[in-house]
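Student: starting from these lines, generate the structure:
(2 chains, ligands or ions: 1)
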Amino acid sequence: MEPYKNEMSTEHRVEAGVEGQQALGGRRTFFGWVTGVAASLIGLGLAVPLLGYVISPALKRRDKPWVAVGSVGGLPVEQPTQLDHMSTIKDGYVETKSHKAVWAVKQAGGDITVFSPLCTHLGCGYHWDASEREFKCPCHGSVYDIEGHVLAGPAPRPLDVLPSKVEDGTLFVTYKEFKAGLAKKVEI
Amino acid sequence: MASKLYTWLDSRLNLKPIQKTLLDEPIPGGASWIYVFGSATLFLFALQAVTGMFLAVYYAPTPDHAYDSIQFIESEVTFGAFVRGLHHWGASGMVVAIGLHMLQTFLYGAYKPPREAMWMAGVVLFLIVMAFAFTGYLLPWDQTAYWATHIGINMVGTVPLIGEFLMKVMRGGDTLGALTLSRFFAVHVLFLPALLMGLIAVHLFILRRVGPAGPWTDQRAELRHEAFYPRQVYMDAVVMLGVFLVIAALAIWLPFPLADKANPSDTSFVPVPEWYFLFYYELLKYVHGPLEPLATWVLPAIVILVMLFWPFIDRNPARNPVRRPVAIGGGMVFLFVVFALLGISLRDLYAVSRADPSVMRGKAVYAQFGCAACHRIHGEGGAVGPDLSFVGDSRPDRDWHVRHHKDPASVSPGSIMPKFPLTEQQLRDLASYMVSLKKEA
Ligand code: FES
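Tutor: Just a heads-up that it's a prediction; the model follows:
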């Protein structure tokens, strides 16, 4: 790119030339060099910690704790039960209690499956219809069987199973949420 | 590459004259290490501004979150303690730098005509820095912050007639609370920075109009006229790097811990102001009763006014300190008084051993669970369990105490001591109390 010239700048360039950049020679270079090093050291000493300071929360994975939701003994066999899931969510320095009811199903063999309480279509809360033995979503009419398979409606995938485990007769659940409306289960 | 870009920009923006003004300012008598304090102060202000902006990324100025957000910065944010440390020590550094800058200006008589306005702007800058320190102290919302500010505001209350009203304005009502915190925050991060930047501009504008004062004798000033760049810039840069390294070292090795969260109902807390307010705090210990307003506001008001109008009070045209015995003598007496008060105050502070809040809580746990029914401490309590008067000497290991109180039989097989339902916090506090029970304490 050809520099745009006007009278003023040419005039000043001449002036700067007269200024005598060459006069001090080596000492001038040394002072400039030390100034540059000092400035870079300060810059680096601040940039590295400050960058880490700002991005550190982005690199932290939110840990999802195991939460006790009730005793296994009390669960009726093949009769889905809504269990309260109470967990403390840490959002930075703010702690909030979240209250969600998950569906626990004790299969005939004694194994326990825990379903997320959100319909896989658009995330409505569904309920268990005890007489027809089906999970029904009131919003758009999705229907699931006791194993979570889709029987009818727009639901794109089976009910989402939450990680669960049994310890000393107590059922523990890790609450997770998944994207609604997708055929694949994608955790948010 | 860089020089090409510069040439290009210069052809558009006509930068050379600006560069000339910034870098070719002649310094009478040449560059000197004695002239670095102003730039050191300016550098510290920049450091405070930068670290302050980053602290604001996480800080929440409300009583229910301020403390937690600072604790979050301290314990969970990467480099969080370091950034907060820089801001904390940077504040102290700024007071030191501005003090040295004023001292040098005073010693060199650089406030004399034609630089009176520059001195006055400087005094106001100094006051703004103190206001920064005062408003910033409350923001962590811990016990120290809360009670020190409580006292600071009460001092304003002793101003005759309008004191009560001023106090309410500062607090935003009758109590030190949510409104106080948010207004201190706004003043600290918005109002004061704007004011400070404006005055720095005025201060530097005057400097560029009248030029630096240089040495106090004209003969020495005439010896040489050296441009600001490169030698003075180099000296300033070296000093800035030195200042940065000192502040960073302090931030790393002398962390500034949080006290307990502010508790307005706990009036037993003895707050300690920052060291740069200590001399004043000490002064107030000597005056009571009807004379109190005299010390809390008449005296400071006079000192500030004298400082502000000093160029008009000191009419002696000489700049050489040897030819200004009254001014130099007066300055020395003032400094002596300030440092004597600071010294006394520091000595007293370190003479009192401050109680560790965790130990105090541990003591409360000990009482709450009726430990004294079985154990004896300094002659009080039952004799079923071991005497704990000096248990800290025989068992200095905190973890042992934690494990022991969680499940006594696990570390002392056969112990008849029952398990108590203690929380983790209670376990730690109780352990602190146990470890503190020592002979020499
Ligand atoms: S959300 Fe359940 S069917 Fe649409």
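
Student: contact residues of chain A facing the ligand?
Tutor: Residues of chain A lying near the ligand by Cβ under 6 Å from any ligand atom: A:119, A:121-124, A:137, A:139-142, A:153-155. C-beta coordinates here come from the backbone N, C-alpha and C atoms, glycine included.

Student: in helices, which of these fall?
Tutor: The members of the residues of chain A next to the ligand all map outside helices under DSSP state H.

Student: so can I have CSV of these showing pLDDT, distance to residue B:360 and neighbour count?
Tutor: Listed next are the residues of chain A next to the ligand as CSV, based on pLDDT from 0 to 100; distance: Cβ to Cβ, whole Å; neighbours: other Cβ atoms under 10 Å in any protein chain shown:
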residue, pLDDT, distance to residue B:360, neighbour count
A:119, 90, 53, 24
A:121, 89, 57, 20
A:122, 88, 54, 14
A:123, 87, 50, 16
A:124, 87, 52, 15
A:137, 89, 56, 24
A:139, 87, 56, 14
A:140, 89, 60, 12
A:141, 86, 62, 12
A:142, 89, 59, 23
A:153, 87, 62, 16
A:154, 88, 62, 15
A:155, 89, 58, 26
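
Student: which residues in the stretch 201-350 of chain B form helices?
Tutor: B:218-223, B:233-253, B:275-286, B:292-293, B:299-308, B:310-313, B:325-351 (DSSP state H, counting those that start in this stretch).

Student: now swap in chain A and tell me
Tutor: Secondary structure of chain A (DSSP H): helices located at A:7-18, A:26-59.

Student: which two among the residues of chain A next to the ligand are spaced furthest apart?
Tutor: Pairwise distances among the residues of chain A next to the ligand were taken by Cβ to Cβ; the largest, 14.8 Å, belongs to A:123 and A:141.

Student: do you know which of the helices of the stretch 201-350 of chain B lies nearest chain A?
Tutor: Closest to chain A of the helices of the stretch 201-350 of chain B, according to Cβ to the nearest Cβ: helix B:233-253, at 3.8 Å.

Student: quick one: buried residues of that closest one?
Tutor: B:233-241, B:243-244, B:247-248, B:250-251 (16 or more other Cβ atoms under 10 Å in any protein chain shown).

Student: which residues touch the closest residue in space to residue B:380 that isn't next to it in sequence?
Tutor: Distances taken as Cβ to Cβ, 6 or more residues apart in numbering or on different chains put residue B:372 closest to residue B:380, at 6.4 Å, once the chain neighbours are dropped. By Cβ atoms under 8 Å, 6 or more residues apart in numbering or on different chains, residue B:372 lies in contact with B:366, B:380-382.

Student: hang on, the earlier thing: ok, of the residues of chain A next to the ligand, which one's closest to chain B?
Tutor: Proximity of the residues of chain A next to the ligand to chain B (Cβ to the nearest Cβ) peaks at residue A:123, which lies at 30.0 Å.

Student: pLDDT value on the closest residue to the ligand within chain B, please?
Tutor: Nearest to the ligand in chain B, going by Cβ to the nearest ligand atom, is residue B:65, at a distance of 35.5 Å. Each residue has a pLDDT score; the one for residue B:65 is 94.

Student: doesn't residue A:92 make contact with it?
Tutor: No. Counting by Cβ atoms under 8 Å, residue B:65 stays clear of residue A:92, with 9.2 Å between them.

Student: can you give me the strands for chain A?
Tutor: A:67-71, A:81-91, A:94-106, A:112-115, A:127-129, A:134-136, A:143-144, A:150-152, A:164-167, A:170-173 (DSSP state E).

Student: oops, could you answer that again for the stretch 151-300 of chain B instead?
Tutor: Using DSSP state E, counting those that start in this stretch, the strands of the stretch 151-300 of chain B run over residues B:225-227.

Student: contact residues of it facing chain A?
Tutor: Contacts of the stretch 151-300 of chain B with chain A, taken as Cβ under 8 Å from any Cβ of the partner chain, map to B:230-231, B:233-234, B:237-238, B:240-241, B:244, B:248.

Student: adding pLDDT and distance to residue B:101, write those out as a markdown table.
Tutor: A markdown table is the format used below for these (pLDDT from 0 to 100; distance: Cβ to Cβ, whole Å):
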| residue | pLDDT | distance to residue B:101 |
| --- | --- | --- |
| B:230 | 88 | 22 |
| B:231 | 90 | 20 |
| B:233 | 93 | 18 |
| B:234 | 94 | 19 |
| B:237 | 96 | 17 |
| B:238 | 96 | 17 |
| B:240 | 97 | 14 |
| B:241 | 97 | 18 |
| B:244 | 97 | 17 |
| B:248 | 97 | 21 |
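
Student: okay, now the unreliable bits of the stretch 301-441 of chain B?
Tutor: The stretch 301-441 of chain B contains residues with pLDDT under 70 at B:351-355, B:440-441.

Student: rerun that using 80 as the cut-off
Tutor: Along the stretch 301-441 of chain B, the parts satisfying pLDDT under 80 run over B:349-358, B:378-384, B:409, B:413-416, B:438-441.

Student: so which of the residues of the stretch 151-300 of chain B next to chain A are also by the ligand?
Tutor: Within these, nothing lies near the ligand by Cβ under 6 Å from any ligand atom.

Student: sorry, back to before: tabulate the residues of chain A next to the ligand in JSON lines, adding columns for distance to chain B.
Tutor: As requested, these are exported to JSON lines (distance: Cβ to the nearest Cβ, whole Å):
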{"residue": "A:119", "distance to chain B": "35"}
{"residue": "A:121", "distance to chain B": "37"}
{"residue": "A:122", "distance to chain B": "34"}
{"residue": "A:123", "distance to chain B": "30"}
{"residue": "A:124", "distance to chain B": "34"}
{"residue": "A:137", "distance to chain B": "38"}
{"residue": "A:139", "distance to chain B": "37"}
{"residue": "A:140", "distance to chain B": "40"}
{"residue": "A:141", "distance to chain B": "44"}
{"residue": "A:142", "distance to chain B": "41"}
{"residue": "A:153", "distance to chain B": "44"}
{"residue": "A:154", "distance to chain B": "42"}
{"residue": "A:155", "distance to chain B": "40"}
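
Student: quick check, nearest of the residues you listed to residue A:41?
Tutor: Looking across these and measuring by Cβ to Cβ, the closest to residue A:41 is residue A:123, at 52.9 Å.

Student: now do the phi/psi pair for that closest one.
Tutor: phi 90, psi 20 (degrees, to the nearest 10).

Student: could you find the closest non-adjacent residue to it?
Tutor: residue A:180 is the one closest to residue A:123 (Cβ to Cβ, 6+ apart), at 4.3 Å.

Student: what about stretch A:67-87, distance to the chain center?
Tutor: The gap between where stretch A:67-87 is centred and where its chain is centred comes out at 27 Å by Cα atoms, centre = their mean, to the nearest Å.

Student: alpha carbons of that stretch, in CSV - could you do that?
Tutor: Provided in CSV are the C-alpha atoms of stretch A:67-87 (Å, rounded to 0.1, in the frame of the first residue of the first chain):
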residue,chain,number,x,y,z
VAL,A,67,-27.9,-38.1,45.9
ALA,A,68,-29.8,-40.5,48.1
VAL,A,69,-33.4,-40.6,47.0
GLY,A,70,-34.8,-43.2,49.3
SER,A,71,-34.6,-46.8,50.5
VAL,A,72,-34.9,-49.7,48.1
GLY,A,73,-36.9,-51.8,50.4
GLY,A,74,-39.9,-49.6,50.2
LEU,A,75,-40.2,-49.7,46.5
PRO,A,76,-43.1,-51.8,45.1
VAL,A,77,-42.2,-54.2,42.4
GLU,A,78,-43.1,-53.2,38.8
GLN,A,79,-44.9,-50.1,40.1
PRO,A,80,-43.1,-46.9,39.1
THR,A,81,-42.7,-44.6,42.0
GLN,A,82,-41.8,-40.9,42.1
LEU,A,83,-38.9,-40.2,44.4
ASP,A,84,-37.8,-36.8,45.5
HIS,A,85,-34.4,-35.8,44.3
MET,A,86,-33.0,-32.9,46.3
SER,A,87,-29.6,-31.7,45.3
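
Student: cool, thanks, talk later.
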